[in-house]
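Trainee: After the sequence you'll find the predicted model.
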Amino acid sequence: MDFRFTPQEETFRQEVHDFIDKECPKELRGGDVSFFEQAGNLFSWRKKVAERGWVAPAWPKEYGGAGMSIMEQFIYSMETARMRAPAPIFIGALAVAVIGPTIIIYGTEEQKKKHIPKILAGEEMWCQGFSEPGSGSDLASVQTRAVKDGDDYVINGQKIWTTLAHMSQYMLLLARTDPDVPKHKGLSYFIVPMNSPGVTVRPLMNMAGTHEFNEVFFDNVRIPAQNLVGEEHRGWYQAVTTLDIERSNIGSAVGQQQNVEDLIKFARDNQSDGVVRIKSDPALRTELAERYLETEVAMSLSSRVVSMQSKGMIPNYEASAVKLYSMELNQRIANTGVRLMGLYGPLARGSRLSPMKGRMSYAYIRNVANTIEGGTSEVQRNIVAQRGLGLPRE
Ligand SMILES: Cc1cc2nc3c(=O)[nH]c(=O)nc-3n(C[C@H](O)[C@H](O)[C@H](O)COP(=O)(O)OP(=O)(O)OC[C@H]3O[C@@H](n4cnc5c(N)ncnc54)[C@H](O)[C@@H]3O)c2cc1C
């Protein structure tokens, strides 16, 4: 594989570079931006990116995207990350990265016209209603029921771990429409307005102390039948596409490289005052070198997914391999980072003395969830083993 850009791709990379250099406020270019401190700058940055048509680079132009090729989108994401500019989809990231593409593939024209422009404008936040207390890894077993009643569906049941449900206007819901057929065949996909009577959202705090996810209860919630996405009872197959889109996420490899580069710089700069443990614990040097090499592997795995997508192929076990490797690597990087900083390592974000503004100590706690969210590492290993390597089911 030739990793060099073609002359056209290089021209495009330079265009993105110049745009960020000129338009992105310096205060946002560091990787440790607080949304609350920089909200004004962040919103004006998002507006500039939207004016350029680059909020959803690979979406078709007819739906307000930039119609970029997958490779251009990759170059765009890499350059944005390399220049430490915040991704413009910090508002409604899930809607732009995952929900929008799903609606573009399976939604009706009416659904696309109604939602896609608002998702692009950052006016609609969405959440993903898949997991339930008894259905996570075995997602096809979801029990939330949607029963056809005249021109409506009536929904009853419960979802859990629903990220940002408390801030979302809509949910993409996976519910059972036929309980009498094999479990994969009786599911359907729906758009549920979160302000519908009968929807209750209850907060769940994660162990990093942030309110990201929730429980969502449905008590005789009525939605119009035209909120069905795709074909009735084909929801499982559509949800699998959504998960592949989610797992193909290509943004993280560059971010991981930056974290490791920042740690290396930190280790070089802070030896004299005894903050860094690199001298008393020489094994840390080899650990940092390993993290550096691993980010190169993550980049290669991501590039493979991008290269498949740009040839019109849909990555499947390959997306699982990237998800598995990158999420476990996120945890290793945070562990190395906290160890490297010695006694300062565990200091929380917000502490005046916490190195790298507490980015590593926060990641150390938050990234525990990385190997659960979007499908656990065990599940990804099963997918790679069965679909990728042709090994038998356990
Ligand atoms: C931060 C975060 C955000 C999330 N956001 C959302 C969201 O927005 N929307 C949403 O719908 N869900 C969300 N989830 C839920 C997530 O998708 C589930 O937690 C995940 O799929 C695992 O399901 P579970 O928690 O029910 O665990 P279980 O499926 O009960 O698994 C328990 C353990 O058993 C293992 N296991 C299960 N089956 C197998 C198997 N066949 N082989 C080997 N091991 C197995 C698992 O790997 C795990 O270690 C989020 C989760 C987290 C942590």
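Mentor: It's in.
Trainee: Just the buried residues of stretch 143-159, please?
Mentor: 144, 145, 146, 152, 153, 154, 155, 156, 157, 158, 159 (16 or more other Cβ atoms under 10 Å). The way it works is simple: take the backbone N, C-alpha and C, and place the C-beta from them, glycine included.
Trainee: any idea how far the first one lies from residue 28?
Mentor: Between residue 144 and residue 28 the distance is 40 Å, computed by Cβ to Cβ, to the nearest Å.
Trainee: tell me the secondary structure for residue 218?
Mentor: Following DSSP: H, G, I helix; E, B strand; the rest coil, residue 218 is assigned to strand.
Trainee: Assess the claim that it and residue 147 are in contact.
Mentor: No: with contact defined as Cβ atoms under 8 Å, residue 218 does not count as touching residue 147 (11.5 Å).
Trainee: which residues are common contacts for the two?
Mentor: With contacts taken as Cβ atoms under 8 Å, 6 or more residues apart in numbering, the residues that reach both residue 218 and residue 147 are residue 156.
Trainee: before we move on, back to that, can you redo the buried residues of stretch 143-159 as a markdown table with pLDDT and secondary structure?
Mentor: Converted to a markdown table, the buried residues of stretch 143-159 look like this (pLDDT from 0 to 100; DSSP: H, G, I helix; E, B strand; the rest coil):
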| residue | pLDDT | secondary structure |
| --- | --- | --- |
| 144 | 98 | coil |
| 145 | 98 | strand |
| 146 | 98 | strand |
| 152 | 98 | strand |
| 153 | 98 | strand |
| 154 | 98 | strand |
| 155 | 98 | strand |
| 156 | 98 | strand |
| 157 | 98 | strand |
| 158 | 98 | strand |
| 159 | 98 | strand |
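Trainee: ok, whichever residue of the stretch 51-200 of the chain sits closest to the ligand - contacts?
Mentor: Distances from the stretch 51-200 of the chain to the ligand, computed as Cβ to the nearest ligand atom, single out residue 136 as the nearest residue at 1.9 Å. The neighbours of residue 136, taking Cβ under 8 Å, 6+ apart as the test, are 161, 376.
Trainee: For it, what are phi and psi?
Mentor: phi -130, psi -80 (degrees, to the nearest 10).
Trainee: for residue 137, same thing?
Mentor: Phi and psi for residue 137, reported as degrees, to the nearest 10, are phi -60, psi -40.
Trainee: which stretch of helix or strand covers the closest residue to it other than its chain neighbours?
Mentor: If you skip the residues right next to it in sequence, residue 137 has residue 379 as its closest partner in space, 5.0 Å away by Cβ to Cβ, 6 or more residues apart in numbering. Secondary-structure assignment from DSSP states H and E places residue 379 in helix 377-383.
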